[in-house]
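Asker: Here is the input, now give the coordinates:
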Amino acid sequence: MDKHTLDRLPEFLDILGLDEVPMGVFYTDTKPTDGFSPKPNDLPTRERELANEIDWQGVFGQFSCVLGNIWRARKKKTTAYFSAEQFGCPGGAFWLGFNKPQAETIIHYVSTGIPNWTDGELYCESPDELRRIFEYVDPRPAPKKFCVFKPVDQFLQDEEPELVSFFTRPESLSGLHQLAAFVTNNPEVVASPWGAACGNLVVWPLHYLSRGIDRAVLGGWDPSARKFFKTDELSFTLPLRMFQDMLHRVDASFLKTKTWSTVQKKIARSRKRWGEK
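Answerer: Predicted structure coming up:
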């Protein structure tokens, strides 16, 4: 990542009242030397499912949520990474681009359940509707072996994220949201589509980019992953170019006005209330 962008980051975070560096998201063939990742497991592909080769009890027994690994990485200010062997969660394997199409067992589990085996999560009305949604989202196949989440201030000069993910509460989020519109002049620049929490961090932003649309994605709505967010916290993921534009245009925006200084006071009260300052 270029030095000019990183040099502007501390002031940007300070103005927004953020004490956590955002995560950069990228794919690489180089395995990170440290950080958090799930234990290796056999990928539950549709082909293996049809051949009755999947030990589903083993898959669920080694379940490790993508957001759980990112949560631990956030607390330690380090990396979280995933691959087709270290996916942790069958849903995460799909949303990160390591397994497509999704196994029918998971489609039924996320929707209505499987009689005489498990209740469903009831996140979608029916398997047919969920299958239709998955076909529409159509995650990009992982272009390289590892999907990596790393604090952007730890990127080397020859490294560059595709996406940048913030984790924040609504007051600071309001600044990110409005600034995204300011730099793009697009009143619909922020979207908040349905999906797993990891899907809103990766697949949905890439889905829009693949269609030539610069769009930020608001996430964190997945009830199954809420335990890996701070109370009242959401995610805000945007393409690298939009992130860079936002950093470089702060001085010309509302973030330098008295209106925003009022919000900053509320941010300070919120952080004090949550014991963060």
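
Asker: Doesn't D14 lie inside a strand?
Answerer: No - secondary structure of D14 (DSSP: H, G, I helix; E, B strand; the rest coil): helix, not part of a strand.

Asker: Name the residues of the helix or strand where R271 lies that are buried.
Answerer: If you go by DSSP states H and E, R271 is part of helix 258-273. Under the neighbour-count criterion of 16 or more other C-beta atoms under 10 Å, helix 258-273 has 260, 263-264, 267, 270-271 buried. Where you see a C-beta, it was placed from the backbone N, CA and C, and this is true even at glycine.

Asker: give the contact list for V164.
Answerer: V164 is in contact with 22-25, 152, 237-240, 243, counting by C-beta atoms under 8 Å, 6 or more residues apart in numbering.

Asker: does it sit in a helix, a strand or a coil?
Answerer: Of the three states, V164 takes strand under three-state DSSP.

Asker: on that earlier part again, what's in contact with the helix holding R271?
Answerer: 15-17, 19, 169, 171-172, 174-175, 254, 277.

Asker: before we move on, the earlier item: could you single out the nearest of the buried residues of helix 258-273 to K31?
Answerer: K31 has its nearest neighbour among these in R271, at 35.9 Å by C-beta to C-beta.

Asker: With L18 as the reference, measure out to the closest one.
Answerer: From R271 across to L18, the span is 10 Å (C-beta to C-beta, to the nearest Å).

Asker: In PyMOL, select just the buried ones from the contacts of helix 258-273.
Answerer: A single PyMOL command suffices to select whichever of the contacts of helix 258-273 are buried according to 16+ other C-beta under 10 Å:
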select buried, resi 15+16+17+169+171+172+174+175
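
Asker: May I see the contacts of helix 258-273 arranged in a markdown table, with pLDDT as well?
Answerer: Formatted as a markdown table, the contacts of helix 258-273 follow (pLDDT from 0 to 100):
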| residue | pLDDT |
| --- | --- |
| I15 | 98 |
| L16 | 98 |
| G17 | 96 |
| D19 | 94 |
| R169 | 96 |
| E171 | 96 |
| S172 | 98 |
| S174 | 98 |
| G175 | 98 |
| F254 | 98 |
| K277 | 68 |
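
Asker: between the contacts of helix 258-273, which is nearest P161?
Answerer: Nearest to P161 among the contacts of helix 258-273, with distances taken as C-beta to C-beta, is L16, at 18.5 Å.
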